[in-house]
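Trainee: Please find the sequence and the predicted model below.
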Amino acid sequence: MSREAVQLSLPGFDRDFAEWRAAYAGQIGAERPVVNRSGVEIKPLYTPRDWDGSAYDADLGFPGQYPFTRGIYPTMHRGRTWSQRQLVGLGTPADYNARVRKLLAAGATAISFLPCNSGFRGLDCDEVDPLLLGTCGTVSNTVDDMDAALDGVPLGRISTAMNDPSPFTLLAFTLGVARRRGIPWERVSGTSNQSDYLSHFVANHMFYRLSLPGSRRVLTDHVAFCLERLPNWNPVSVVGQHMQQAGATPAETVGLTFSTALQYAQDCVARGIDIDVLLRRFTFFFDISISFFEEIAKFRAARRVWARLARERLGAKNPNSWRFKFHGQTSGVDLTRQQPLNNIARVATQAIAGIFSGLQSMHTDAYDEAAATPTEESARIAVATQTILREEAHLCDVIDPLAGSWYVETLTDQMEAEILSVIARIDAAGGMYKAAESGLVQGMIGESALRWQERIERGEEKVVGVNCHQAEDEEGQGKSTERPDLDRMRAHVARFRAFKESRSRTAVEGALAALARAADDEDDNVFARVVEAAEAGVTHGEIVTCLRKELGFGRPLVVA
Amino acid sequence: MTTAPRLDPPARVLVTKIGLDGHDRGSRIVAAFLRDAGMDVIYTPPWQSIAAVVKLATEEDVDAIGVSSLATDHLIVPQLVAALREAGLAHVGVVVGGIVPADEQPALVAAGVGAIFGPGASRDAIVAGVAALAADARAARDAELREQTP
């Protein structure tokens, strides 16, 4: 159904507008300019003069129709709401299992897996001070560990998002578990979160393991393997979250993330992968900040920009390839350690923005997430927040409910222009890989981070409990922080050591040799050998060490 | 917080991260603040070992060390303080910035950490706090040197 472009006849508009303008100026006094995080100046009032709907068909269309500004599916949240997927990761595999079973019972419809920081560093649990093990994620170094973590979880029926940076050992362990349980790999569904090595490189040193070219090789192999063997697995999640958390503005974040996505798409096409086969499995992961209207405009603009990039620039033919599918996480950066219960209000506000943005999957932060790994109580409140917004507040009754707002549509257009200018800047630098290698992107993010911090320092941005309304006694001050049980963790490490001793040395050495050979052979698939190694009992740390030797060790880039 | 006297030569501060976490937005920003305030800042990328930090502190003759911890790496800061003492650097002030849950702060203070700055600490508070610790450290070191030279 199409209709004529909106052309309201507005007799008296100019006279009335001038009258309002004068009255406004008379009463507002000295006006301070309002500029959003992306640098767009925000006016006090928007009217049909700002956005008149005449480009409705070209710029908005209907849900499920190109360019998808109003949503990527015809039914959006009216049909199927988002997946409620909470990040979980703490302690030993058994600790993880207990927590994830409770979340499933409480209404979560999908699960995630966050590994211990030792894993992110490419280390096994026996190489790290036990005090640091399992404090930010689950220790998982073998197929046995993953088996224990997913005990009783219906793998093959529930989708699993793995925070699994290159070389994707968590997925390899999961496939090992699937084989043990007789679940065909074709049925394993989920996403390789954190597969986006460029975002780690420019925004977040957390995952430094392989060199930049090494990471590039492993990712394309991983994508090729998944597209061939795992039809229900999304091998690439391009992560805007890292950049926004590191300080990029919302518009910069989308521009840099899409530049990254273009780079991966071009690399995969160069390896012989069909663009439509690839893009069908592309997903994105973004932060939702508390800058409410800016976030909604950001995501609406992002859908439009991605659709055009995928169709016009990458030449994808299948409409499925043009759909911008994203997981949103309420931003932890906006949460405060001061007066932590205030964070419940912040998370709810962010979540509303996410829902109005039309996301496909959501994680709401727990109110204590700014201070520590969430407790069971705070995790339950975070999940309940989503249900309250959906069921009690009826936020999902109407698709894209803010469309047609003169403000939101104007801002959507302005955010689009900002996003496109960032993409143009990265194009001019030779694409995202080169722009990361040269430090250009790191410099852009660092400048934005500093600018934002200065806005807070100058009091231009108010943060309750931080630079205004500070309270004397802080809630939660006396609460004790949950840490993994040190004795249980030591026992886990002891079992891990015993497991290593019990393995067949020949099998381990054979698998590692095959992995090393694959790294040297462009025609082989490195990730296929990672999976074989995992099934042969090779540990996470051993796999990473082998690939580091063959493909180079990533080093942090220091930007002055 | 009283303003510490500006040191001459300027306070030398090592800004670093130990342990497993790599999020460096905070350490970069604080390093820039301290440099803008006239201090000599030695900045390292994340994931330094405790031994490497002690070695660098010795070689660079620093007055204070700022450790940024956002993901529980503060749990091993007491080991860093002990290693500094072991190396004869008991005078060096240690500051922790980032996320340290309230109930875990007393253990750090008891171990000898001079100040803890949480999220939302202002630039002025951080600069003043580090300057004060650096001034104390410089005075203690100078006193020690005077004792050693007859």
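Mentor: Great, that's in hand.
Trainee: How many residues are close by the nearest residue to residue A:248 once chain neighbours are set aside?
Mentor: Closest residue to residue A:248 apart from its sequence neighbours, by C-beta to C-beta, 6 or more residues apart in numbering or on different chains: residue A:445 at 4.8 Å. (Glycine included, C-beta is placed from N, CA and C.) By other C-beta atoms under 10 Å in any protein chain shown, 25 other residues sit near residue A:445.
Trainee: mind listing what residue A:445 touches?
Mentor: Residue A:445 sits next to A:202-203, A:243, A:246-248, A:252, A:256 when contact means C-beta atoms under 8 Å, 6 or more residues apart in numbering or on different chains.
Trainee: got CSV for those residues, with neighbour count and secondary structure too?
Mentor: CSV is the format used below for these (neighbours: other C-beta atoms under 10 Å in any protein chain shown; DSSP: H, G, I helix; E, B strand; the rest coil):
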residue, neighbour count, secondary structure
A:202, 28, helix
A:203, 29, helix
A:243, 30, helix
A:246, 23, helix
A:247, 23, coil
A:248, 30, coil
A:252, 26, helix
A:256, 31, helix
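Trainee: nearest to residue B:37, of the residues you listed?
Mentor: Nearest to residue B:37, judged by C-beta to C-beta, of those is residue A:247 at 20.8 Å.
Trainee: how close does the residue nearest to residue A:357 when sequence neighbours are not counted sit to residue A:60?
Mentor: Among residues not flanking residue A:357 along the chain, residue A:299 sits closest, at 3.6 Å (C-beta to C-beta, 6+ apart). Residue A:299 is 14 Å from residue A:60, where distance means C-beta to C-beta, to the nearest Å.
Trainee: likewise residue B:27?
Mentor: Taking C-beta to C-beta as the measure, residue B:27 falls 44 Å from residue A:60.
Trainee: Now do the contacts for residue 105.
Mentor: All of this refers to chain A. Residue A:105 neighbours (C-beta under 8 Å, 6+ apart): none.
Trainee: wrong chain, I was asking about chain B
Mentor: Residue B:105 neighbours (C-beta under 8 Å, 6+ apart): residue B:116.
Trainee: Secondary structure element holding it?
Mentor: Element membership for residue B:105, per DSSP states H and E: helix B:105-111.
Trainee: Using PDB, list the CA coordinates for that helix.
Mentor: C-alpha atoms of helix B:105-111 as PDB (Å, rounded to 0.1, in the frame of the first residue of the first chain):
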ATOM      1  CA  GLN B 105      38.500  -1.200  49.500                       C
ATOM      2  CA  PRO B 106      39.600  -1.700  53.200                       C
ATOM      3  CA  ALA B 107      41.900  -4.600  52.200                       C
ATOM      4  CA  LEU B 108      43.700  -2.400  49.600                       C
ATOM      5  CA  VAL B 109      44.100   0.500  52.100                       C
ATOM      6  CA  ALA B 110      45.400  -2.000  54.700                       C
ATOM      7  CA  ALA B 111      47.900  -3.300  52.100                       C
END
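Trainee: thinking again about what came up before, of all the contacts of residue A:445, the one with the weakest confidence?
Mentor: Lowest pLDDT of the contacts of residue A:445: residue A:203, 83.
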